[in-house]
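In: here's a sequence, model it:
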Amino acid sequence: LPAPKRAEFLLCLVLIVGILPVSVLADGTEKPVLDVSRSKTATALTSDWTSEVTLSLPSAEEKLESDVVFVLDKSTSAALEEKALKLLTDLKAHVEEKGAKVKVGVVIFNKIATVTAQLTDLSTGYDTIKTAIETTITSGTNTHAGLLAGKQLLDADKAVPANRKYLVFVSDGVTYQFCQDDDYNKAYTRSFAGSLHPDNVNQCGTMSELNVQYGSVANNGIPMSDISTWLNNITSRIGTANDNSDWDYEYTGYAPADNSKLLQSKEDVSNVEKALYLTKSLYESMQKSGYRCYSVLAKETYPWGTAFMNMLAGGSTVDFDDIKNNILYAVDEGSTVVDTMGEKFDFGGLKTMTLTVGGTELSRTIDGTTAYFGGDATNYRFMVEYDSADDKFTWTINENVSNFAPVKLTYT
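Out: From the prediction side, this is the model:
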């Protein structure tokens, strides 16, 4: 498992029945806000001025369904396919045990994207999904097309919230084609004019265009000092005199006869550069919309492709075990929840506490100001420690909390 998200949920009860916004802080000097589904609800006050408060992980209102879409480069290795299928096998066993639902879609891309599996119920359609992942397609490479198809699959399912939609993008990061008008069924590219080509022959928008622009850098390194600097430079040229959509032509394997379609300057945005720009922009827009996106390096080919995939991944290596755990678990073992009553309220005491996992109530053992659930002081699943001085309690979570089996702590 990844390092525990040792989170503190700073919760404060107010006289409103509903869900309260919660800040989640990680241990250490830096305190990033973690996106963890959670809720705190309270029943209406009774005649004796009591209320039942429930903390839920994930949120009590959240539908326990998820969508997972794989966007796979044609060059994805058999080893990575096996890891993807292992992820799905583990996920299938988990959700079936919890009675939850996961749908999986598959996109394979080359010069265009092919949806080899629509969103399919994992429990009943595993074989269909497996066949879709193992599909082989050849010719061309268009990362933009793959992401467009993957996004459209996720967008189409209105029943599942954005934070439960996962896109797994597997590629070597090398691309020289792109799409127009969100149509992933047509590939476009660009070519430099013949006068710029050292061989002056058959300029047809292939990978050689990057060599035309930057020399042999496509084979030996990354244009400019690093991938971020290069992508920032590309962004600065997009929409200027160095970029013109009229230069785009549908990829056929041959250069256009119309010379006005050909790039005239090495400062112009090339096919590779536009493809990378559109891929990055689309990937980031999906993240901003709440989709959980993962960039997995298929294999190392050109250094700039490797650097591009790692950049999308946030600079760190992502593997299928990380993705599986992020899909399966809302909160990691070792996390804590700190709940403060507020000065207008009195805690009803540990004896009023109940805790359920997936609807099943756990046994409770009380020792002084500490309650243990699902065991005792020597071996427990959850622990609550009450601090009377500050009128708060700390809830320690001693197991991974499943995204598909809510843990609910209720007290008076």
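In: what about residue 157, how many residues nearby?
Out: Burial of residue 157 is recorded as 16 neighbouring residues (other Cβ atoms under 10 Å). All C-beta atoms are positioned from the backbone trio N, CA, C, and that covers glycine.
In: show me what contacts it?
Out: 67, 103, 119, 165 (Cβ atoms under 8 Å, 6 or more residues apart in numbering).
In: what helices or strands is the helix or strand hosting the second one leaning on?
Out: Of the helices and strands defined by DSSP states H and E, residue 103 is found in strand 101-109. The criterion is 3 or more Cβ pairs under 8 Å, 6 or more residues apart in numbering; DSSP states H and E, and the helices and strands that strand 101-109 contacts are strand 65-73, helix 78-98, strand 113-121, helix 122-133, helix 143-156.
In: so which of those is the most surrounded?
Out: Burial of those is given as mean neighbour count (mean count of other Cβ atoms under 10 Å); strand 65-73 ranks first at a mean of 26.
In: just checking, what packs against that one?
Out: Counting contacts by 3+ Cβ pairs under 8 Å, 6+ apart, strand 65-73 is packed against helix 78-98, strand 101-109, strand 113-121, helix 143-156, strand 165-171.
In: got the angle between the second one and helix 122-133?
Out: With axes from the mean of the first three to the mean of the last three Cα atoms, to 10 degrees defining the directions, strand 101-109 sits at 10 degrees from helix 122-133.
In: now swap in the fourth one and tell me
Out: When the same axes, to 10 degrees is applied, the directions of helix 143-156 and helix 122-133 differ by 160 degrees.
In: what's helix 143-156 in contact with?
Out: Against helix 143-156 from outside (Cβ under 8 Å, 6+ apart): 67, 69-73, 105, 107-109, 111-115, 118-119, 165, 167, 169, 171, 173, 175, 177-179, 182-184, 187, 275-276, 278-279, 282-283, 286, 291.
In: let's see the ChimeraX selection covering just the buried ones among those.
Out: Filtering the contacts of helix 143-156 down to the buried ones (16 or more other Cβ atoms under 10 Å) takes a single ChimeraX command:
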select :67,69,70,71,72,73,105,107,108,109,111,112,113,114,115,119,165,167,169,171,173,175,177,178,179,184,187,275,276,278,279,282,283,286,291
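In: hey, where'd the strands end up in the stretch 151-300 of the chain?
Out: In the stretch 151-300 of the chain, the strands defined using DSSP state E, counting those that start in this stretch lie at 165-171, 188-189, 249-250, 292-297.
In: quick one on the thing from earlier: got JSON lines for the helices and strands packed on strand 101-109, with mean pLDDT and distance to residue 204 too?
Out: Written out in JSON lines, the entries for those read as follows (pLDDT from 0 to 100; distance: least, Cβ to Cβ, whole Å):
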{"stretch": "strand 65-73", "mean pLDDT": "95", "distance to residue 204": "21"}
{"stretch": "helix 78-98", "mean pLDDT": "91", "distance to residue 204": "30"}
{"stretch": "strand 113-121", "mean pLDDT": "97", "distance to residue 204": "21"}
{"stretch": "helix 122-133", "mean pLDDT": "96", "distance to residue 204": "31"}
{"stretch": "helix 143-156", "mean pLDDT": "98", "distance to residue 204": "18"}
